[in-house]
Every structure is written in C-alpha cells, then in structure tokens.
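# missing the sequence, but the structure's below:
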C-alpha cells in the first residue's frame with residue numbers, strides 16, 4: 001500500500017502529464033488551423049494585389065509565370081468552364097481540365113474559392129484560393145496554391161519549441177511535486193512521532209507541522225484530544241482525593257449540625273431535668289424554664305427548616321411564584337416584625353414605593369435574613385434602605401476580612417465560628433440561592449471595624465412595560 005506522500009506525488013505527476021498531453025493535442029490542432037487560416041488570408045491578399053496588374057500583360061502565360069516568380073506560389077489560370085489556360089509550375093497540357101475542382105466552382109459564385117485538398121498532379125496536399133479577375137477584356141479565374149508541406153515546416157519548428165517548453169514545464173512540475181511530497185512526508189513523520197509520544201503518555205510532547213494547513217488543523221485536533229486525555233488522567237488521579245474530600249465535607253456538615261444543635265438540646269435537657277427533679281419548684285421559675293425549653297425548641301425547628309430549604313434550593317427543587325406587589329410595604333412589614341423580635345435594637349428603614357414582580361415570601365425571607373445577619377454581627381443601628389435600583393442592609397458591626405468575602409455566602413460558614421446562633425451559617429447561602437432564582441445577585445461591601453453593606457439589584461424585578 002502506498003504512503004500518502006507517494007500517492008500525492010504520483011497523482012500530481014499523472015495530473016500534470018494528463019493536463020499537458022491534452023493541452024498539447026489541443027494546441028497542435030489549434031495552431032495548425034491558425035497557420036492554415038493565416039496562409040489562406042495571405043493568398044487572398046496576394047490575389048487582390050496581382051489582380052490589379054492583370055491588364056499590364058498581353059500574354060496570359062507570361063502573366064501567370066510573373067505571378068509565380070513574384071509570390072513563389074503556384075499560379076494557374078482557368079476559364080469559366082474549368083479549362084486550364086496557363087500553369088506556372090508545369091506544362092498546362094499535362095493538367096486535367098475540369099470544372100469539378102471545388103475552389104473553381106466556389107469562385108464562380110463567391111468572392112473567393114478556398115479548398116484544402118490533395119493534388120493528384122503533384123501528389124501533395126495543397127491550399128488553393130481562386131478568384132475571378134479581368135484579363136484582356138475577359139473574365140478568367142486565377143488560382144494560387146501552396147503546399148501544406150512548405151507552410152508546415154514553420155509549424156513543426158514552432159511546435160518543437162513548444163514541446164520542449166512543455167517538457168521543461170513537466171520537469172519543473174515534477175521537481176515541485178517532489179519537494180511538496182517531501183514536505184508532506186516531513187509533516188506526517190512529525191504527527192506519527194507525536195502519536196508515539198502520546199501513546200507513551202508523554203503529554204508534554206511538541207508537535208509543529210511546518211508546511212500544510214490541513215496538518216495544522218489535525219495538530220489542533222490532536223492537541224485538544226491530548227488535553228482531554230491529560231485532564232482525564234488528572235481526574236483519575238484526583239478521584240480518590242475527591243472522594244476523601246466529599247467524605248470530609250460530609251463529616252464537617254454533620255459536625256456543624258451537631259455543634260449547632262448541641263447548645264439548644266443541652267438547654268432543653270437541663271431545664272427539663274431541673275423540672276423533673278424538683279416538682280415543688282417555684283411557679284415563676286417553672287414558667288421561666290418552660291419558656292426557655294419552648295424557645296430552644298423553636299430554634300431547633302427554625303434550623304431544621306432552614307437546612308431543608310437550603311437543600312431544596314441547591315437541588316433546584318423549589319420554584320418561585322412571582323406576583324406583583326409594593327416592595328416598600330414588604331420592607332416596612334419586615335422592619336416592624338424584626339423590631340418586635342429585637343426590641344432592644346434600633347432598626348431603621350429608608351425607602352419609597354417600588355412596584356416589583358417577584359416571589360413575595362422568598363423576598364421576605366431574603367430581607368429578614370440580611371437584617372438578622374446584620375443584628376447578630378453589630379451592636380449599633382441597622383439600616384434597611386430601598387432605592388430605585390437596589391435594596392441595601394447597612395450595619396456598623398465588626399466587618400468582614402477581605403479573604404472571607406468570597407466564603408461568607410457558603411453553607412455552614414460564619415465569621416465568628418466560635419459563637420453560636422440558630423443560623424448554622426445558612427442565612428446568606430439561602431439568600432444567594434433565592435436571589436439567583438430572581439436573576440439577581442448578592443453584593444457585599446465591608447471594612448473591618450467599620451461595618452458592612454449587603455445589597456442586591458432590583459432591575460430584574462421591575463415589571464416590563
């Protein structure tokens with residue numbers, strides 16, 4: 001089986017030879033026809049010139065011989081019946097008199113009679129051109145003839161030169177084809193060596209074909225394949241580590257849940273044991289303990305609800321139910337509710353009427369979580385501000401370190417990891433999920449020791465007109 005560069009060379013060679021062969025045949029016959037036509041036109045012009053001098057001679061034989069001597073063409077004079085009256089090259093009596101000569105018959109009805117045919121008299125192929133001319137008051141037919149052999153000598157010389165040019169062109173084409181074949185062989189060898197390197201898992205091998213765009217495209221495809229293979233190997237190497245990481249994350253989640261549930265469960269158990277051990281406990285203290293048990297139970301219930309909601313949001317199991325409502329009214333309701341929940345804190349609201357289309361319940365949860373978060377990490381006033389394009393929750397708390405800004409909205413992450421609250425680090429994660437469902441995002445700006453601003457855009461919530 002031939003190699004690709006050998007096929008290329010042989011096909012190119014066959015193409016060049018075939019093309020030049022066809023061109024040679026076409027050129028041969030075209031050039032021959034051109035030379036014949038050119039001589040026919042020359043014979044016509046010569047007839048026109050010698051016809052002018054026909055009345056300068058009194059003897060037809062002398063006139064015909066003079067035409068032959070001046071033009072070097074065979075000259076013959078005929079009457080209108082085809083009889084030979086004079087002949088320049090041989091004795092006129094040896095020439096058959098006949099009206100059946102095609103050029104003579106055409107000359108009787110057309111300006112010129114033209115014929116290329118075999119002459120039995122001279123046993124050669126001739127080009128004949130005949131024309132009626134006046135001579136001594138009579139109309140005769142003067143015919144000029146030239147042998148094909150005499151005019152084809154120049155044609156053959158020209159054709160030999162063209163054939164030599166064609167041969168030279170073929171040689172040059174073969175040299176070019178051979179060089180192109182060698183270049184193709186080089187690029188193929190580069191690709192073959194590269195494939196050997198890849199089979200040995202040397203993914204850093206270099207492949208640089210130098211000559212053909214097609215091989216460059218193959219190179220790009222191979223490099224993309226190698227990249228995928230390299231990535232797949234990396235994935236295989238990381239698979240075990242990833243499993244270990246997943247296990248660690250699961251352990252961290254369980255640890256976080258255990259840690260967050262530990263304090264309220266411990267409080268419930270402690271208060272319950274005290275009530276059981278002392279049936280005669282003061283009524284006021286008993287009611288206080290029961291209130292603490294109820295409060296901690298609510299905290300556990302809230303944490304479970306948030307954990308369930310976070311899982312649903314992350315798994316896309318929860319869809320929004322948008323309705324049109326005034327966001328200003330919602331903000332005032334949330335502020336009023338949280339102010340009642342935290343009577344010792346100052347929650348300030350700044351805003352004006354703003355019509356939006358969104359899931360009202362989910363936005364309530366977003367704003368509540370943001371204010372809740374601000375209250376937990378600050379001691380000063382917390383401001384909820386509704387502008388034409390954003391909702392901002394501003395606090396003057398401890399702030400967030402720059403390296404923690406990317407992590408703050410992750411699940412189970414809290415800035416103060418050693419402090420306990422009932423959020424389990426889920427508040428901002430839930431906020432981010434809900435805002436994502438509304439095609440907007442949570443933005444956080446914070447300075448350590450100064451405070452933080454949590455905000456999200458409202459442009460995607462404005463009803464389209």
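Okay, I see it. What you are looking at is a predicted structure, and each value in this text was computed from that prediction instead of being measured.
# check what pLDDT residue 458 gets.
We have a pLDDT of 92 for residue 458.
# what are the ranges of the strands in the stretch 101-250 of the chain?
Using DSSP state E, counting those that start in this stretch, the strands of the stretch 101-250 of the chain run over 113-119, 124-135, 138-147.
# tell me which of these sits nearest to residue 87.
strand 138-147 (9.8 Å; C-beta to C-beta). (Glycine included, C-beta is placed from N, CA and C.)
# reduced to three states, what does the nearest residue in space to residue 439 that is not next to it in sequence come out as?
Among residues not flanking residue 439 along the chain, residue 460 sits closest, at 4.2 Å (C-beta to C-beta, 6 or more residues apart in numbering). Here residue 460 is recorded as helix under DSSP: H, G, I helix; E, B strand; the rest coil.
# residues contacting residue 460?
For residue 460, the contact set (C-beta atoms under 8 Å, 6 or more residues apart in numbering) comprises 438, 439, 440.
# can you tell me which of those are buried?
438, 440 (16 or more other C-beta atoms under 10 Å).
# quick one: which of the contacts of residue 460 is nearest residue 165?
residue 439 (74.0 Å).
# same question for that closest one, what's its three-state structure.
Taking three-state DSSP, the label given to residue 439 is coil.
# for it, what are phi and psi?
Per-residue torsions, residue 439: phi 60, psi 30 (degrees, to the nearest 10).
# in whichever strand or helix holds residue 366, what counts as buried?
Assigned by DSSP states H and E, residue 366 belongs to helix 360-376. Across helix 360-376, burial judged by 16+ other C-beta under 10 Å covers 360, 362-363, 365-376.
# please apply the same query to stretch 158-172.
Those would be 159, 170, for stretch 158-172 by 16+ other C-beta under 10 Å.
# model confidence over it, on average?
78.
# same thing with stretch 118-130?
84.
# show me what the helix holding residue 366 is packed against.
helix 327-341, strand 382-386, strand 390-395, helix 427-437, strand 451-457 (3 or more C-beta pairs under 8 Å, 6 or more residues apart in numbering; DSSP states H and E).
# for residue 230, find the nearest of those.
helix 427-437 (32.9 Å).
# direction included, what does the helix or strand just after that closest one pair up with?
Note on helix 427-437: by DSSP H and E, the next helix or strand toward the C-terminus is strand 442-447. Strands that pair with strand 442-447, judged by DSSP bridges, come out as strand 451-457 (antiparallel).
# what does the strand it pairs with rub up against?
Outside strand 451-457, the residues that reach it (C-beta under 8 Å, 6+ apart) are 366, 370, 373-374, 377-378, 380, 389-397, 399-400, 428, 435, 440-446.
# buried ones in that strand?
For strand 451-457, the neighbour count (16+ other C-beta under 10 Å) marks 451, 452, 453, 454, 455, 456, 457 as buried.
# possible to save those as TSV with distance to residue 269?
Formatted as TSV, these follow (distance: C-beta to C-beta, whole Å):
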residue	distance to residue 269
451	38
452	36
453	40
454	36
455	41
456	40
457	46
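# closest to residue 75 among these?
For the buried residues of strand 451-457, the nearest to residue 75 is residue 457 (106.8 Å; C-beta to C-beta).
# which residues does that closest one form beta bridges with?
Beta-bridge partners of residue 457, as defined by DSSP bridges: residue 390.
# state the distance from it to residue 429.
19 Å (C-beta to C-beta, to the nearest Å).
# how about the strands of the stretch 101-250 of the chain in a markdown table, adding mean neighbour count and distance to residue 179?
Converted to a markdown table, those look like this (neighbours: other C-beta atoms under 10 Å; distance: least, C-beta to C-beta, whole Å):
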| stretch | mean neighbour count | distance to residue 179 |
| --- | --- | --- |
| strand 113-119 | 16 | 47 |
| strand 124-135 | 20 | 47 |
| strand 138-147 | 20 | 48 |
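# wait, which of the ones you listed is closest to residue 296?
strand 113-119 (123.6 Å).
# which among the contacts of strand 451-457 end up buried?
Here, 16+ other C-beta under 10 Å leaves 366, 370, 373-374, 377-378, 391-397, 399-400, 428, 435, 440, 442, 446 buried among these.
# how about JSON lines for the helices and strands packed on helix 360-376, with distance to residue 352 added?
JSON lines is the format used below for the helices and strands packed on helix 360-376 (distance: least, C-beta to C-beta, whole Å):
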{"stretch": "helix 327-341", "distance to residue 352": "6"}
{"stretch": "strand 382-386", "distance to residue 352": "7"}
{"stretch": "strand 390-395", "distance to residue 352": "12"}
{"stretch": "helix 427-437", "distance to residue 352": "22"}
{"stretch": "strand 451-457", "distance to residue 352": "17"}
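# for residue 12, find the nearest of those.
So among the helices and strands packed on helix 360-376, helix 427-437 is nearest, using C-beta to C-beta, at 61.1 Å.
# the inter-axis angle of that closest one versus helix 360-376?
150 degrees (axes from the mean of the first three to the mean of the last three C-alpha atoms, to 10 degrees).
# next one: helix 427-437 to chain centre, how far?
Once both centres are worked out by C-alpha atoms, centre = their mean, to the nearest Å, helix 427-437 turns out to sit 38 Å from its chain's centre.
# roughly how far out does the helix holding residue 366 sit from the chain middle?
47 Å.
# relative to strand 382-386, how tilted is it?
Going by the same axes, to 10 degrees, helix 360-376 makes 150 degrees with strand 382-386.
# what residues are up against the residue lying farthest from the centre of the chain?
Distance from the C-alpha centroid of the chain peaks at residue 58, with 88.5 Å (C-alpha atoms, centre = their mean). Neighbouring residues of residue 58 by C-beta under 8 Å, 6+ apart: residue 136.
# how about the one 10 residues further on?
Listed by C-beta under 8 Å, 6+ apart, the contact partners of residue 68 are 74, 75, 88, 89.
# most neighbours, which of these?
residue 75 (25 neighbours; other C-beta atoms under 10 Å).
# ok, it touching residue 88?
Yes. In this structure, residue 75 is within contact of residue 88 by C-beta atoms under 8 Å, at 4.2 Å.
# picking that back up, just the buried residues of strand 451-457 now: which is nearest residue 110?
For these, the nearest to residue 110 is residue 457 (95.6 Å; C-beta to C-beta).
# now do the contacts for residue 28.
The contact partners of residue 28, taken as C-beta under 8 Å, 6+ apart, are residue 159.
# ok so it is a helix residue?
Yes. Assigned with three-state DSSP, residue 28 falls within a helix.
# okay, helices next: where are they in the protein?
4-52, 60-71, 102-109, 148-199, 213-277, 283-314, 327-341, 360-376, 427-437 (DSSP state H).
# counting contacts, what elements does the third one pack onto?
Just to be clear, that refers to helix 102-109. Counting by 3+ C-beta pairs under 8 Å, 6+ apart, helix 102-109 packs on strand 113-119, strand 124-135, strand 138-147.
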